[in-house]
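Enquirer: Quick check, what structure comes out for this input:
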Amino acid sequence: MDAVENQVPAPPPAGPQRSFWTEFRDYWRGVPDKWLFLTLLAGWCALFQFAGISSFNFETTRPSLFEWLYHAWNAPALDSSQGNLIPFVVAVLLWIRRRELAASIRGVWWPGLAVVGLALLTHILGFLAQQQRLSVVALFLGLYGLAGVVWGWRTMKASFFPLVLFAFCMPLGTFAEDLTLPLRLLATSVTRMICHGLLGIGVIQEGTKLLDPLGQYQYDVAAACSGIHSFVALLAVTMIFSWLAYRSFWRRGLILALTLPLVVLCNVVRLVAIILARQAFGDEAANFVHEWFGFVTYLVAIGCLLGVARWLKEEHSPGNA
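Expert: Okay, the predicted model is just below:
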């Protein structure tokens with residue numbers, strides 16, 4: 001099919017600020033082939049609704065991948081609750097880049113069917129092997145391919161980053177626990193060095209455990225406290241921030257590289273605070289810090305991120321990446 005002219009209207013001249021719904025309506029009216037995309041999307045989603053999984057767990061009773069995802073995101077053992085927010089985050093980022101996306105539309109691009117075909121084969125493999133995570137990959141890969149089929153490869157390029165955030169919808173939990181072990185060991189070692197070497201507090205390290213020499217307390221730095229949850233949350237924040245704030249790849253890469261140091265910093269601050277609270281005020285205070293101090297450490301991480309971002313500030317305002 002021949003390329004078509006982009007029909008999305010140009011931004012209006014400066015004047016009274018329009019409401020969200022007015023602007024949304026104007027852009028929606030101008031998007032070409034939107035009903036074709038929605039029809040294909042409905043069919044794609046129906047596949048995963050009625051033949052999404054072949055093995056039921058996490059309280060699922062129907063072959064719906066969407067139901068499985070919902071229960072997996074909210075299963076405490078998997079620690080993947082961020083999946084509930086990611087679709088809304090993706091929608092917001094697509095709206096922020098709406099002008100770039102509108103300018104990228106060129107019309108139907110048949111090679112995009114190859115991406116959809118690859119997604120379909122991935123889902124078939126996941127369905128037959130009873131591997132729901134493969135079907136999750138297939139679901140979002142197919143969505144990406146359908147956008148290319150209807151609107152072209154430039155739209156695939158423009159929408160790559162917002163849609164790649166769907167990777168954070170993948171329930172990892174115990175599946176990635178081995179990956180968190182180095183983070184836990186490092187956080188435990190640094191905490192012991194600070195408490196024992198700098199503060200003079202007697203702390204013994206046994207693997208990922210911190211113990212009092214007299215046996216009065218013992219803290220196990222579990223994966224939920226110093227592992228994949230902190231890493232995933234901060235990685236999502238740094239990815240979104242770097243994409244919105246910068247055009248240059250080296251700046252984006254540097255911001256992303258901060259994720260691991262910030263994870264370790266957050267957890268060391270939290271662990272030191274727990275031990276100090278225990279020394280000064282007892283077990284009740286230590287338990288309070290354990291439950292609630294995580295919010296403070298995330299504020300520390302965000303503060304560090306903003307400080308580095310100020311140092312990396314680009315001379316010109318960020319444009320479309």
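
Enquirer: what domains does the record give for this structure?
Expert: 20-171, 176-311 (automatic domain parsing).

Enquirer: which residues make contact with stretch 258-276 from outside it?
Expert: 183, 186-188, 190-191, 194-195, 199, 201, 203, 210, 219, 221, 225-226, 230-231, 234-235, 238, 286, 289-290, 293-294, 296-298, 300-301, 304-305, 308 (C-beta atoms under 8 Å, 6 or more residues apart in numbering). From N, CA and C alone the C-beta is placed, and that goes for glycine too.

Enquirer: cool, stretch 84-93 as well?
Expert: 73-74, 161-163, 165-166, 168-169, 236, 240, 243-244.

Enquirer: farthest-separated two in those?
Expert: Asn74 and Leu244 (28.5 Å; C-beta to C-beta).

Enquirer: From Ala102, how far out is Ala158?
Expert: 9 Å (C-beta to C-beta, to the nearest Å).

Enquirer: make that Thr191, sorry
Expert: Distance from Thr191 to Ala102, by C-beta to C-beta: 50 Å.

Enquirer: the more surrounded of those two?
Expert: Ranked by neighbour count (other C-beta atoms under 10 Å), Thr191 and Ala102 place Thr191 first, with 25 against 21.

Enquirer: which residues sit in contact with the more buried one?
Expert: Per C-beta under 8 Å, 6+ apart, neighbours of Thr191: 203, 210, 268, 271-272, 275.

Enquirer: In this protein, where is pLDDT below threshold?
Expert: Low-confidence segments of the chain (pLDDT under 70): 1-16, 173-179, 215-217, 220-230, 314-321.

Enquirer: Find the helix or strand that the residue of the chain most remote from its centre is a member of.
Expert: Distance from the C-alpha centroid of the chain peaks at Leu214, with 41.9 Å (C-alpha atoms, centre = their mean). Per DSSP states H and E: Leu214 is located in neither a helix nor a strand.

Enquirer: Might you report the residue contacts of it?
Expert: Gly202.

Enquirer: For Ile204, see how far away it is.
Expert: Leu214 is 10 Å from Ile204, by C-beta to C-beta.

Enquirer: So which residues of the stretch 151-300 of the chain form helices?
Expert: Using DSSP state H, counting those that start in this stretch, the helices found in the stretch 151-300 of the chain span residues 153-158, 160-164, 177-192, 223-226, 228-245, 249-257, 259-281, 283-292, 294-311.

Enquirer: can you put those helices in TSV and add distance to Leu141?
Expert: Converted to TSV, these look like this (distance: least, C-beta to C-beta, whole Å):
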stretch	distance to Leu141
helix 153-158	11
helix 160-164	9
helix 177-192	23
helix 223-226	28
helix 228-245	18
helix 249-257	22
helix 259-281	24
helix 283-292	39
helix 294-311	30
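
Enquirer: A strand includes Phe56, no?
Expert: No. The assignment for Phe56 (DSSP: H, G, I helix; E, B strand; the rest coil) gives coil, which keeps it out of a strand.

Enquirer: What is the neighbour count of it?
Expert: Counted with other C-beta under 10 Å, Phe56 comes out at 16.

Enquirer: what's it sitting at in phi/psi?
Expert: phi -100, psi 130 (degrees, to the nearest 10).

Enquirer: Pull the contacting residues for it.
Expert: 62-63, 68.

Enquirer: repeat that for 10 Å
Expert: Phe56 makes contact with 62-64, 67-68, 71, 130, 132, according to C-beta atoms under 10 Å, 6 or more residues apart in numbering.

Enquirer: Quick one, which of the residues you listed are buried?
Expert: Buried by 16 or more other C-beta atoms under 10 Å: 63-64, 67-68, 71, 132, out of the contacts of Phe56.

Enquirer: Can you pick out the most distant pair from those?
Expert: Pro63 and His71 (13.5 Å).

Enquirer: quick one on the thing from earlier: can you tell me which of the helices of the stretch 151-300 of the chain comes nearest to Leu47?
Expert: Closest among the helices of the stretch 151-300 of the chain, using C-beta to C-beta: helix 160-164, at 18.4 Å.

Enquirer: What helices and strands are in contact with the closest one?
Expert: Under the contact criterion of 3 or more C-beta pairs under 10 Å, 6 or more residues apart in numbering; DSSP states H and E, helix 160-164 touches helix 86-96, helix 132-151, helix 228-245.
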